[in-house]
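K.L.:
Next input, structure requested:
(chains A and B)
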Amino acid sequence: MTSVDGGPALNADLARARRLAAAVPDPEVPVLSIDDLGVLRDVTKDDEGTVVVRITPTYSGCPAMDTIRADVLTALHDGGFADVRVDLVLSPAWTTDWMSEDGRRKLAEYGIAPPASDAERRRGPVGLTLRVRCPQCGSPDTEELSRFGSTACKSLWRCRSCLEPFDHFKTL
Amino acid sequence: MTACATLPALARYTIGLADDALVLAQRCGEWITRAPQLEEDVALANIGLDLLGQARSLLTYASQVEDDGRDEDDLAYLRDERDFLNVQLVEQENGDFAVSMARLLVFSAYSYELYRRLQRSTDETLAAVAAKAIKEVDYHRDHAREWVLRLGDGTDVSHERMQTGLDTVWPYVDELFATTSRHGSWPPPELLQNGVAVDPSQLREPAIAYVQQVIDDATLDLPTVSWAATGGRQGIHSSPMGHLLAELQHIHRSYPGASW
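P.N.:
All right, here's what the predicted structure looks like:
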């Protein structure tokens, strides 16, 4: 994402800035970094040398964005970058397709069923409701209890095999 | 003449869209702890949060366009009733749960068609807000549809209350699609010419077709009404609006800059 002119030194500097930003955890699902989620769009430097971190919200009203912005600023300031700006971008609209494979695995380990991947969605016929596997026991025999869950990005499910309720990260 | 009538056309249009979302978000929030089941408390809180997020994006943009030193909070909390440009549908009291679901169905069906087209607006920011909002509104529309089906095609009592819900909101439906009334025109004509705004009259057919299908499937009847609300887009509101704003704005006005 970071293509800049300015020689290897600037590139190395930016790569380090990106690593710092990428490591910032999501405040609501702390096992995921904002990079795993696809919330971190890119890290660049503008003409004045300010590091510009661009983030995008998962949902329009995501209340975590203010915290993420503050956490990114803190991480970069602590890393020695004094001049940092965090820009919120809306376009292109966030999709769960941007969630990394690593992120999906970490979500499941945390007890949240991950969203269907882009590849999974393309495999099935249009309109097919994909089976959500229980993150506890792995059973595909699950049912949706509520289309809305504890945060905007999740719905509430129950496993019919182990009977445990669980969150599902909605496919968007 | 209201203060908003003198705003630049783009700011006025953006504020109209924002106010629809902001006011309905407030009504959704009022259901929390009062919905028929816990899951519905959570659902309406989430829908309200989506709408609030859309409103914030739009109000932030309106404040940039207006460039008058007012930020999104000033626009949300410090405008008076006559400067709010939302349709009267969204300000009506929640009433019976069926009334709220009838409203959510109609408003989401309208918003879905609006944002589908606004994604192609010549204004980049409005197009970006629309591309994000349409995914959320699609989900809201589906949620309302499920309730209307469940209540309409349920017991005699739930059927009757759902029908009353539709009948109650129907006088406010026309205003969503109206471009002119005795109070003025909407949206600002120059924004239709330059491809920034969506012509709401084009949304009537697809939005009502969606609602009609749900109503048919729910064994309900499409209401007929003898009057239609007008004037919201010009800042003329019904009596529930003042009470809603008092609750929405009171903390910010009583304790300017309050935070926690």
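K.L.:
near chain B, which residues of chain A?
P.N.:
A:57, A:59-63, A:89-94, A:145-152, A:156, A:172 (CB under 8 Å from any CB of the partner chain). Every C-beta, even on glycine, is put in place using the N, C-alpha and C of the backbone.
K.L.:
Mind checking which of those residues are buried?
P.N.:
A:57, A:59-62, A:90, A:93-94, A:146-149, A:151-152, A:156, A:172 (16 or more other CB atoms under 10 Å in any protein chain shown).
K.L.:
Just the closest of the residues you listed to B:Val65, please.
P.N.:
Distances from B:Val65 to these, taken as CB to CB, are shortest for A:Leu90 (15.6 Å).
K.L.:
Tell me the pLDDT of the closest one.
P.N.:
You'll see A:Leu90 listed with a pLDDT of 91.
K.L.:
Of all the residues in stretch B:247-260, which ones are buried?
P.N.:
For stretch B:247-260, by 16+ other CB under 10 Å, it's B:Leu248.
K.L.:
in the chain, which spans are strands?
P.N.:
Because you didn't say which chain, this covers chain A. All strands of chain A, identified by DSSP state E, fall at A:40-45, A:51-55, A:84-88, A:112-113, A:142-146, A:154-159, A:165-169.
K.L.:
try chain B instead
P.N.:
Using DSSP E, strands in chain B cover B:180-181, B:184-185.
K.L.:
wait, which of those is closest to B:Asp156?
P.N.:
Checked against CB to CB, the stretch from those lying closest is strand B:180-181, at 38.2 Å.
K.L.:
what number of residues lie near the residue of the stretch 101-250 of chain B found nearest chain A?
P.N.:
The nearest approach of the stretch 101-250 of chain B to chain A comes at B:Ala128, 3.5 Å away (CB to the nearest CB). Close neighbours of B:Ala128, defined as other CB atoms under 10 Å in any protein chain shown, add up to 21.
K.L.:
go on, A:Lys170?
P.N.:
A total of 21 residues lie near A:Lys170 under the criterion other CB under 10 Å.
K.L.:
Next, it: phi, psi?
P.N.:
phi -60, psi 140 (degrees, to the nearest 10).
K.L.:
Kindly report the same for B:Asp123.
P.N.:
The phi/psi pair for B:Asp123 (degrees, to the nearest 10) reads phi -90, psi 120.
K.L.:
Tell me who's in contact with the closest residue to it other than its chain neighbours.
P.N.:
Take B:Asp123 and drop its neighbours on the chain: the residue closest to it by CB to CB, 6 or more residues apart in numbering or on different chains is B:Val196, 4.5 Å away. Applying CB atoms under 8 Å, 6 or more residues apart in numbering or on different chains to B:Val196 gives the contacts B:10, B:13, B:121-123, B:126.
K.L.:
How much space separates B:Val196 from B:Ile15?
P.N.:
Computed as CB to CB, to the nearest Å, the B:Val196 to B:Ile15 distance reads 14 Å.
K.L.:
Just give me how far stretch B:175-188 sits from the chain centre.
P.N.:
Distance of stretch B:175-188 from its chain centroid, counting by CA atoms, centre = their mean, to the nearest Å, is 15 Å.
K.L.:
What of stretch A:155-167?
P.N.:
On CA atoms, centre = their mean, the centre of stretch A:155-167 falls 23 Å from that of its chain.
K.L.:
per-residue confidence averaged over the longest helix along chain A?
P.N.:
Longest helix in chain A by number of residues (criterion: DSSP state H): helix A:7-22. The pLDDT scores in helix A:7-22 average 88.
K.L.:
Please enumerate residues in contact with it?
P.N.:
Here helix A:7-22 makes contact (CB under 8 Å, 6+ apart) with A:1-2, A:4, A:33-35, A:40, A:43-45, A:51, A:53, A:72, A:75-76, A:78-79, A:81.
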